[in-house]
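**Q** Would you be able to build a 3D model of this:
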Amino acid sequence: MQIRIVDNSGRLCHSEAILPGTMGVGIPSLSAGIYHAQFTTEGRTPVAVHFAVEEN
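**A** Have a look, this model is predicted:
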């Protein structure tokens, strides 16, 4: 599986291959904003997720 995260302007923020059986993803700290993540696995329909990161 591959994960790609881009910010609202389309800039790539993170890309990582996830091996089968892996329990998590090491996503680096993201600044406050709106992001779009796409999970792709060969032979399956991609899954898109939109999320926001808020400032603390």
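**Q** Could you use CA atoms for every contact and neighbour count after this?
**A** Noted.
**Q** May I have the strands that pair with the lowest-mean-pLDDT helix or strand in the chain, each with its orientation?
**A** Within the chain, no helix or strand scores below strand 12-17, which has a mean of 89 by mean pLDDT, DSSP states H and E. When pairing is defined by DSSP bridges, strand 12-17 lines up against strand 2-7 (antiparallel).
**Q** How far away from the center of its chain is the strand it pairs with?
**A** A distance of 4 Å separates the centroid of the chain from that of strand 2-7, by CA atoms, centre = their mean, to the nearest Å.
**Q** Report the buried residues of that strand.
**A** Within strand 2-7, the residues that count as buried by 16 or more other CA atoms under 10 Å are I3, R4, I5, V6, D7.
**Q** With stretch 12-25 instead?
**A** Neighbour counts over stretch 12-25 (16+ other CA under 10 Å) mark C13, I18 as buried.
**Q** With stretch 27-36 instead?
**A** Y35, H36.
**Q** Identify all contacting residues around that stretch.
**A** 5-8, 14, 48-55 (CA atoms under 8 Å, 6 or more residues apart in numbering).
**Q** show me where the protein has strands.
**A** For the chain, strands defined by DSSP state E occupy the ranges 2-7, 12-17, 33-40, 47-53.
**Q** average pLDDT for the first one?
**A** Pointing back at strand 2-7 there. For strand 2-7, mean pLDDT rounds to 92.
**Q** Quick one: work out the angle between that strand and strand 33-40.
**A** Taking axes from the mean of the first three to the mean of the last three CA atoms, to 10 degrees, one finds strand 2-7 and strand 33-40 inclined to each other by 160 degrees.
**Q** got the CA positions of strand 2-7 in CSV?
**A** Written as CSV, here are the backbone C-alpha positions of strand 2-7 (Å, rounded to 0.1, in the frame of the first residue of the first chain):
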residue,chain,number,x,y,z
GLN,A,2,1.2,3.5,-0.7
ILE,A,3,0.1,6.7,1.2
ARG,A,4,0.5,10.2,-0.2
ILE,A,5,-0.4,13.3,1.7
VAL,A,6,-0.6,16.7,0.0
ASP,A,7,-1.5,20.1,1.3
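**Q** Any regions of this structure where pLDDT drops low?
**A** 23-25 (pLDDT under 70).
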